[in-house]
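Colleague: structure of the sequence below:
(one chain, ligands or ions: 2)
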Amino acid sequence: MSTATSSVVLSDVRPAAVGRRYTLTAQALHWVTAILMFSVLPLAWVMVNMPHDAPSREWIYTLHKSVGLTILALVAFRLAWRAAHPAPPLPAHLARWEALAARVSHWLLYLVLIGMPISGYLFSAFKGHSTTYFDLFTIPAPGPDKQLTSVALWFHVVTGQWLVYALIVLHLGATAWHVAVRRDRVLERMMPEPDLRT
Ligand code: HEM
Ligand code: HEM
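Modeller: Residues are numbered from 1 along each chain as shown. Ligands and ions are numbered 1, 2, ... in the order given. Just a heads-up that it's a prediction; the model follows:
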């Protein structure tokens with residue numbers, strides 16, 4: 001193919017491809033948050049099942065809380081970024097129910113990404129524990145309150161964690177379905193654009 005023809009092909013393809021992807025910043029925030037979510041959950045399972053006198057127990061709690069608060073900060077930034085750089089329109093071939101399911105499940109994921117760290121912090125704080133962020137600084141606790149502790153525990157552990165598991169299973173299932181069955185390149189929307197010049 002001549003150079004002239006390649007440049008025509010590239011100029012035809014690129015703008016459309018760029019428009020169909022999340023920005024690089026949104027992609028980076030998505031993948032870093034996903035990795036942190038896949039870390040904060042096993043930390044939770046380990047810490048709640050550890051013997052109370054285990055020497056590393058306090059450190060694992062601090063790690064769980066610190067990773068959780070990092071998720072909160074990243075998601076706050078991500079939502080601000082999203083407001084300024086809206087998500088690419090959903091692919092036109094999706095049925096109405098599919099587009100609706102994608103939108104609702106994405107906003108529910110954002111809800112748990114914000115609600116879980118806040119309820120976790122409140123649970124700790126109303127139990128009277130201050131929160132240490134990676135040994136860097138300490139966020140004080142307002143003081144013990146039994147009723148508010150139960151409300152926060154209900155959100156974080158009794159319902160919140162199961163909502164998180166259900167949404168992640170749904171999210172990964174939907175992605176796998178798009179990749180393996182529909183083969184409609186939805187995963188590529190969350191991937192950097194390959195450099196077609198090489
Ligand atoms: C996205 C962020 C977070 C997620 C997904 C998450 C998830 C979980 C899960 C699944 C459990 C329950 C484990 C079990 O019972 O098997 C748990 C427990 C706990 N989390 Fe989090 N967490 C997050 C953030 C936080 C933060 C920021 C704090 C505090 C600052 C925190 C404090 C706690 C505490 C104290 C428990 C133990 C609750 C108990 O004693 O039953 N979490 N977390
Ligand atoms: C291996 C794991 C994961 C894969 C393969 C994956 C894949 C994807 C893909 C392809 C999209 C774009 C969907 C579209 O184009 O409409 C997306 C969006 C999204 N993902 Fe994931 N994801 C993963 C893990 C996670 C986790 C753990 C979370 C949070 C708990 C998460 C939260 C989100 C959210 C909130 C969006 C919507 C983005 C927006 O519109 O602003 N993802 N994911």
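Colleague: how about the contacts made by Pro47?
Modeller: Careful, residue 47 is Met and not Pro. With contact set as C-beta atoms under 8 Å, 6 or more residues apart in numbering, Met47 has these partners: 57, 60-61, 64. Every C-beta, even on glycine, is put in place using the N, C-alpha and C of the backbone.
Colleague: which of the residues in the helix or strand harbouring it are buried?
Modeller: For Met47, the host element (DSSP states H and E) is helix 24-49. Buried residues in helix 24-49, counted by 16 or more other C-beta atoms under 10 Å: 26-27, 29, 33, 36-37, 39-41, 43-44, 46-47.
Colleague: ok, the closest residue to Leu74 other than its chain neighbours - contacts?
Modeller: Nearest residue to Leu74, sequence neighbours excluded (C-beta to C-beta, 6 or more residues apart in numbering): Thr33, at 5.5 Å. Going by C-beta under 8 Å, 6+ apart, Thr33 touches 71, 74-75, 78, 113.
Colleague: returning to that earlier point: and the buried residues of helix 24-49, which is closest to Met190?
Modeller: Proximity to Met190 was ranked across the buried residues of helix 24-49 by C-beta to C-beta; first place goes to Gln27, at 5.5 Å.
Colleague: and the closest one, what pLDDT?
Modeller: Note for Gln27: predicted pLDDT of 98.
Colleague: and for the residue nearest to Glu188 when sequence neighbours are not counted, the neighbour number?
Modeller: Nearest residue to Glu188, sequence neighbours excluded (C-beta to C-beta, 6+ apart): Arg21, at 7.0 Å. Using other C-beta atoms under 10 Å, Arg21 is surrounded by 18 other residues.
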